[in-house]
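Visitor: Sequence and computational prediction follow.
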Amino acid sequence: MTTTPTHTLPRVGDTAAPRTFGPLTRQMFVRYSGASGDLNPMHYDDGLARSAGHPSVFSQGMHQSALLATFATDWLGADTIRRFGVRFREQVWPDDVLTCEGTVTDVVRSPDGHLCVEVELLCLRQTGAVAISGSATFHLDGGKPL
């Protein structure tokens, strides 16, 4: 597999250079809570999280989704993304280091003429476990049919 250069169109099997985020901190979880409006105390109150059976507070799934979306749009362009979907797979804890990866799975011309690039995305914990899996569609012709 090859890393997709920015000056050529991607091909099936091309991969993005992995990107690492972290180590994640409790402060990041608190900041994301405030920015997103997700004020569930499980993300910032250690005592409450422990009383509910968790080893500590944990990251919001949407926080990891945002990191994965940042990775994907930095790779293929924020102005070209047309669809982004994720599946939450495993919790993320303080001090986790996340690595985002992406692979081109299809490059096709849509019925209306758009150059569509489909990608599979992963956000992995340092343990190798998948925190989030996802997929996205990009229109690399600027959203205009050719």
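Guide: Done, it's in.
Visitor: Which residue ranges of this structure form strands?
Guide: Secondary structure of the chain (DSSP state E): strands at 19-21, 81-88, 98-109, 115-125, 130-139.
Visitor: What residues sit buried inside the shortest one?
Guide: This points to strand 19-21. Buried positions in strand 19-21, judged by neighbour count with 16 or more other C-beta atoms under 10 Å: 19, 21. For every residue, glycine as well, the C-beta is placed using N, CA and C.
Visitor: Make a markdown table out of the strands of the chain and add mean pLDDT and distance to Ala69.
Guide: Below are the strands of the chain laid out as a markdown table (pLDDT from 0 to 100; distance: least, C-beta to C-beta, whole Å):
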| stretch | mean pLDDT | distance to Ala69 |
| --- | --- | --- |
| strand 19-21 | 98 | 12 |
| strand 81-88 | 96 | 6 |
| strand 98-109 | 97 | 9 |
| strand 115-125 | 97 | 9 |
| strand 130-139 | 97 | 8 |
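Visitor: Including distance to Phe58, could these go into JSON lines?
Guide: What follows is the strands of the chain, written out as JSON lines (distance: least, C-beta to C-beta, whole Å):
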{"stretch": "strand 19-21", "distance to Phe58": "15"}
{"stretch": "strand 81-88", "distance to Phe58": "11"}
{"stretch": "strand 98-109", "distance to Phe58": "13"}
{"stretch": "strand 115-125", "distance to Phe58": "12"}
{"stretch": "strand 130-139", "distance to Phe58": "10"}
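Visitor: out of those strands, which comes closest to Ser51?
Guide: The closest of these to Ser51 is strand 81-88. By C-beta to C-beta, the value is 22.7 Å.
Visitor: And that closest one, what does it pack against?
Guide: Using 3 or more C-beta pairs under 8 Å, 6 or more residues apart in numbering; DSSP states H and E as the contact test, the elements touching strand 81-88 are helix 61-76, strand 130-139.
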